[in-house]
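**Student:** quick one, what's the 3D model for this:
(chains A and B)
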Amino acid sequence: MTGFLAIFRRLEGPQTVGRGPAFWGLFALVLAAALAYPLFSDGYTVGNTVYFFVWVFIALSLCLIWGYGGSLSFGQTAFFGIAGYGYGVLTINFGSAYGFTLLALVIAVAIAALFAVLLGYFMFFGRIAGVFLGIVTLAVTLMLERFMAQTAGPEWHIGSARLNGFNGMSAMPPLTIPWPGEPIVLFADIGLYYLVLGLLVFVYLALRILMNSSFGNVIVAIRENPERAEMLGYDIRKYQLITFVIGAALAGLSGVLYTVWGQYITPSSMGMTAAALPLIWVAVGGRSDLTSTVIGTLVVLAAFQALTIYGSQYALVFMGVLLVLTVLIAPNGLVLGVMNWLGRIAARFTQRAG
Amino acid sequence: MDIATHVFSALYQFGDAFAFLVLSACGLAVIFGMMGVINLAHGEFIMCGAYVTAATVHAGLPLPLGILAGTLVSALVGVVVELAVIRHLYDRPLDTIVATWGLSLIATQGTLIMVGSTMAGVGTPFGSFQVGDYSYSIYRIVLFCAALGVLAALYALFNWTRFGVLARATIQVPHMAAALGVDTRLIYSLTFACGAGLAGLAGGLYAPTMTLVPTMGATFIMEAFVTVVIGGADVFLGTAPAGGVLAVVKSVMTSWQGQLFGQIGLLVAVIIVVRVLPKGISGFVLRERT
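**Tutor:** Numbering: from 1, shown residues only, chains lettered A, B, ... in the order given. As a prediction, this is how the structure comes out:
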């Protein structure tokens, strides 16, 4: 029982911003608002919000690998795509009966993680670090996109699932929960909303616990100084590989949920632009903190969608400018900067009161 | 079909692949080798060179002058980018990647908005010649010679000129070079301009052979990265031999299974080489030497 409670004590710690009753009060308030939100909104808007939430997982994966681990990976969209295609192939072949879609979700994420184990082994045990890691992961991602884009012919199929080249796969069944009588089909509105929201809260809290545990501290130590961490006796390759695989699984989860949400997946979801966007969200939000990554992702996504109304080409230029300016002016991220500022004000306020 | 034509065909494909790898990689390799900066906007500098070349040729200038114009404009853009962005990030190599990626996004989309989704190309000059049953483009031979010429010119630049000596001094121990009176900032600017110009040259040279679209940089970038990763930080000990090795892999895989498998072969080669030689070929050679 005490061990169980000790886990919850890890919810706050040196690696995550936000602590104390004020933060968790705000968290509960936001969660309550998120839970109540579908009651006051229409199905389309709720579905759109699900779309935003889906991307938060891949942003969190990048936050974990890049922000906490210090290894810049451009390959998150590769895992996103692998898991998305994996879900499509599995469900088109085996259908959605007996809750198989949920199993397909797990298998698809596992495939992405397995791929990450393979790739990560070669990279981390070959001691690639820094800029090379970015290049190799980017090359893998672009390669996968090119490979999937040329699978248009009928000879490219897995079981009864055609890969369809550049147009991508579509019409896979949505997530279905087996239920006595009538199975519950989670279309891209309220049903899927609560599932994704639940997953999001779970992943967010679990990552907070993970990062404040001794594992998370070692990961941050490796980011700060790999040699020092190694001299202290940690096998940094293993820690980096594990972080990479967890990140890949999260990116994969994002991919499956995206596929479930729109019931399609295309090769361009692994392309250059697709790979750049998570990087922008995370960099603008504040890559070294989970909370600011979540907030940053949602804010930038909403801004991007608002701009897209005026032309998606201009929106992308704007995103590029935003990224360059963030790197130059606020390298730790805008949201994190604001949060630290608020934290300092709050601290001063409590000091004066006490 | 006798043996000689087969050999010629294999050699031609090797030369074609070698030229493509070396030309697309050397700009990236100069910037990475000298400054430790990976320029993710490399493909966009290539695109810039190709577009300027095409525009000048449409304006009535001959192709060689167009290629020269493409090279110079890219180098100028390189100076501007270095002054505005890269200069502030030398102590943060990961952030340079991110920032140059932002630049690449801006350049691709900006070109799309301003020039449109495609630009009229330039015809391939020189025609073709016949060996055995196949005809070969003479221009591809020119490209191969250009690749060799670029390598030779770079060797001369970094070994025989004052700039080359200062640049190599700056790379080895930057603060020592600065203490001896070298303007290291200027050296970095010029090196970056040199890399950008080489990218523009690659774009100009390949402009007659491909369709000009804003995303054309992406066709070069993977090959360029792969060559630099395998080659390591040194242009002559790294990029050139890496180009040779990868050209064999690529041309064999391409003639066996097609273009895509040529690229997959490159990628697999990279992942394996990186596992065995983490510092690339040049790192391996230099370690053996000392």
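**Student:** when you work out contacts or count neighbours from here on, use the C-alpha atoms and nothing else.
**Tutor:** Will do.
**Student:** ok, the residue in the stretch 251-354 of chain A that chain B sits nearest to - contacts?
**Tutor:** Distances between the stretch 251-354 of chain A and chain B by Cα to the nearest Cα are smallest at A:G320, namely 4.3 Å. By Cα atoms under 8 Å, 6 or more residues apart in numbering or on different chains, the contact set of A:G320 is A:I280, B:W101, B:G102, B:L103, B:S104, B:L105, B:I106.
**Student:** how about A:T137?
**Tutor:** Applying Cα under 8 Å, 6+ apart to A:T137 gives the contacts A:S73, A:F74, A:G75.
**Student:** count the neighbours of A:I7 for me.
**Tutor:** Neighbour count for A:I7, taken as other Cα atoms under 10 Å in any protein chain shown: 14.
**Student:** secondary structure class for the nearest residue to B:Y155 once chain neighbours are set aside?
**Tutor:** Counting by Cα to Cα, 6 or more residues apart in numbering or on different chains, B:F236 is the residue found nearest to B:Y155 once chain neighbours are left out, at 7.3 Å. Using DSSP: H, G, I helix; E, B strand; the rest coil, the structure places B:F236 in helix.
**Student:** pull the longest helix from chain B.
**Tutor:** In chain B, taking DSSP state H as the definition, the longest helix is helix B:3-35.
**Student:** tilt between the very next helix or strand once past it and helix B:3-35?
**Tutor:** Per DSSP states H and E, the first helix or strand lying C-terminal to helix B:3-35 is helix B:42-58. The directions of helix B:42-58 and helix B:3-35 differ by 110 degrees, with axes from the mean of the first three to the mean of the last three Cα atoms, to 10 degrees as the criterion.
**Student:** packing partners of helix B:42-58?
**Tutor:** helix B:3-35, helix B:63-84, helix B:93-115, helix B:184-206, helix B:217-231 (3 or more Cα pairs under 8 Å, 6 or more residues apart in numbering or on different chains; DSSP states H and E).
**Student:** report the buried residues of that helix.
**Tutor:** By 16 or more other Cα atoms under 10 Å in any protein chain shown, the buried positions in helix B:42-58 come out as B:42-57.
**Student:** now the contacts of A:G320 in CSV, with pLDDT, neighbour count and distance to A:I135?
**Tutor:** Listed next are these as CSV, based on pLDDT from 0 to 100; neighbours: other Cα atoms under 10 Å in any protein chain shown; distance: Cα to Cα, whole Å:
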residue, pLDDT, neighbour count, distance to A:I135
A:I280, 88, 29, 17
B:W101, 86, 26, 12
B:G102, 88, 28, 15
B:L103, 90, 24, 16
B:S104, 88, 26, 15
B:L105, 86, 27, 16
B:I106, 89, 25, 20
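**Student:** in TSV: those, plus distance to A:N340.
**Tutor:** As requested, the contacts of A:G320 are exported to TSV (distance: Cα to Cα, whole Å):
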residue	distance to A:N340
A:I280	20
B:W101	27
B:G102	26
B:L103	28
B:S104	31
B:L105	30
B:I106	30
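**Student:** out of those, which is nearest to A:G69?
**Tutor:** A:I280 (17.5 Å; Cα to Cα).
**Student:** pretty sure the closest one sits against A:M319.
**Tutor:** Yes: the pair A:I280 and A:M319 passes the contact test of Cα atoms under 8 Å, sitting 7.2 Å apart.
**Student:** how about stretch B:255-263, does it reach chain A?
**Tutor:** Yes: Stretch B:255-263 comes into contact with chain A (Cα under 8 Å from any Cα of the partner chain), by way of B:L260, B:Q263.
**Student:** distance between the ends of that stretch?
**Tutor:** 12 Å (Cα to Cα, to the nearest Å).
**Student:** kindly export stretch A:273-287 (C-alpha atoms) in PDB.
**Tutor:** The C-alpha coordinates for stretch A:273-287 follow below in PDB (Å, rounded to 0.1, in the frame of the first residue of the first chain):
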ATOM      1  CA  THR A 273       5.900  18.500 -43.600                       C
ATOM      2  CA  ALA A 274       4.200  16.000 -41.300                       C
ATOM      3  CA  ALA A 275       7.500  15.300 -39.600                       C
ATOM      4  CA  ALA A 276       8.100  19.100 -39.100                       C
ATOM      5  CA  LEU A 277       4.900  19.900 -37.400                       C
ATOM      6  CA  PRO A 278       5.300  17.900 -34.100                       C
ATOM      7  CA  LEU A 279       8.700  19.500 -33.800                       C
ATOM      8  CA  ILE A 280       7.200  23.000 -34.100                       C
ATOM      9  CA  TRP A 281       4.500  22.200 -31.500                       C
ATOM     10  CA  VAL A 282       7.100  20.800 -29.000                       C
ATOM     11  CA  ALA A 283       9.700  23.500 -29.600                       C
ATOM     12  CA  VAL A 284       7.200  26.400 -29.300                       C
ATOM     13  CA  GLY A 285       5.500  24.800 -26.300                       C
ATOM     14  CA  GLY A 286       8.700  24.000 -24.400                       C
ATOM     15  CA  ARG A 287      10.300  20.700 -25.000                       C
END
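**Student:** now that stretch: buried residues?
**Tutor:** In stretch A:273-287, counting by 16+ other Cα under 10 Å, buried: A:275-287.
**Student:** how about stretch B:205-222?
**Tutor:** B:205-208, B:212-218, B:220-222.
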